[in-house]
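Visitor: 3D, please:
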Amino acid sequence: MPVVLSTASLPAAERGERWHHAVSHTFIPLDVRLLEDDPSPGRIVSDRLGSLRVSQVQAGPQVVTRSRRLIAQDGKEFLILTLQRRGSALKEQDGRETRIGPGDFSLSDSSRLFRKKVEGAFCFTSFHFPREDLRVRDEDLRALTATAFSGREGGAALVATYFARLAREAAHLDAFAGRQFADTALDLLALLINERRGRFVPQAPETAAATLVRVKDHILRHLADPGLAPAGIAAAHFVSVRYLHKLFQPEGVTVGEWIRTQRLERCRRDLQRAPALEHGIAAVARRWGFTSPSHFSRAFRAAYGMTPREWRIHSLSGAATTGAAERERPGGPARCP
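Guide: Coordinates of the predicted model:
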């Protein structure tokens, strides 16, 4: 369940001390100096996925520092990935001073001095995790702290998109799934760092995990194509069909089974909605890549224990709609206004 820390209910004079405590409690011990005479309200909404803490932070201008005194007192090594959503920050660490703007993300290492200054209202999503969980060399990490990774292009865009989606879904994931998705996120980040440092290793575990994320994203974007098949997917990602199948082995399904499951789930959802009643079951099946109505009906029955027509009637009774609403209810960290 998300944890909410807020200073909105406090008088302005009391917000500084409470905000300092909230920031240090959420992340690591930090010195916080607010830059407003009457501090704006601050809010942190946090969730946890395994060892990864996901937080949405909104507040006014301030300076945050990690001093030698705090490093000596704490003695723990954590990394913080910050995805800037609104406002910009000037970040300093390891001899670099970099401005991080909206859409960029950056890394900070708690074991060394750092400073961050934000001169206006801001909102960012942060991901806080033990240093040992990120499998990269110390010299490579040190070379990329306080660096602005643009979330608009290349591998950094993939990493930013995945982390942002993970934050949105954090409140809905059970403990096991949360750990798995968090591990994949850190594998993607390790791959990006290794690429930037010229250490790309095709057979490394993080490389395989990152490739699987890209493959799944490709499949989901092409589900409507009846010709979607392993050979074409493999070619689009410059891997062999054999390697593609190997990527899915830990999930206990084949590539074709994963595609069919995703198609059936989207058909199931569409059959609950009013437009499906107007266009018919066959149209819904074609929309998601099924060319044979009889094959679709058999696959649907095998997956859900009833035919598409029976599912649609069941949905109209209200039972399935209620269940879907409970599964898809909104939640998770608050978003930037």
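Visitor: Flag the shaky bits of the stretch 201-337 of the chain, pLDDT-wise.
Guide: Along the stretch 201-337 of the chain, segments meeting pLDDT under 70 span 201-207, 274-279, 316-337.
Visitor: Which parts of the stretch 101-250 of the chain are helices?
Guide: Listed in chain order, the helices of the stretch 101-250 of the chain (DSSP state H, counting those that start in this stretch) span residues 138-142, 154-169, 175-196, 205-221, 230-236, 241-248.
Visitor: how about those helices, which one is nearest residue 74?
Guide: Of all these, helix 138-142 sits nearest to residue 74, with 18.2 Å by C-beta to C-beta. C-beta here means a position set from N, CA and C on the backbone, and glycine is covered the same way.
Visitor: still on that earlier bit, show me the one of the helices of the stretch 101-250 of the chain that comes nearest residue 284.
Guide: helix 205-221 (17.1 Å).
Visitor: tell me which residues in the closest one are buried?
Guide: 206-213, 215-216, 219 (16 or more other C-beta atoms under 10 Å).
Visitor: JSON lines for those residues, including distance to residue 131?
Guide: Output for these, formatted as JSON lines (distance: C-beta to C-beta, whole Å):
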{"residue": "206", "distance to residue 131": "15"}
{"residue": "207", "distance to residue 131": "21"}
{"residue": "208", "distance to residue 131": "22"}
{"residue": "209", "distance to residue 131": "19"}
{"residue": "210", "distance to residue 131": "20"}
{"residue": "211", "distance to residue 131": "25"}
{"residue": "212", "distance to residue 131": "25"}
{"residue": "213", "distance to residue 131": "23"}
{"residue": "215", "distance to residue 131": "29"}
{"residue": "216", "distance to residue 131": "28"}
{"residue": "219", "distance to residue 131": "34"}
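Visitor: which of those residues sit farthest apart?
Guide: 206 and 219 (20.5 Å).
Visitor: Take the helices of the stretch 101-250 of the chain and lay them out in CSV including distance to residue 48.
Guide: Formatted as CSV, those follow (distance: least, C-beta to C-beta, whole Å):
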stretch, distance to residue 48
helix 138-142, 23
helix 154-169, 12
helix 175-196, 8
helix 205-221, 21
helix 230-236, 34
helix 241-248, 28
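Visitor: what's the closest of those helices to residue 84?
Guide: helix 154-169 (9.9 Å).
Visitor: elements contacting the closest one?
Guide: The contact analysis (3 or more C-beta pairs under 8 Å, 6 or more residues apart in numbering; DSSP states H and E) places helix 154-169 against strand 52-59, strand 78-86, strand 104-109, strand 122-130, strand 149-150, helix 175-196, helix 205-221.
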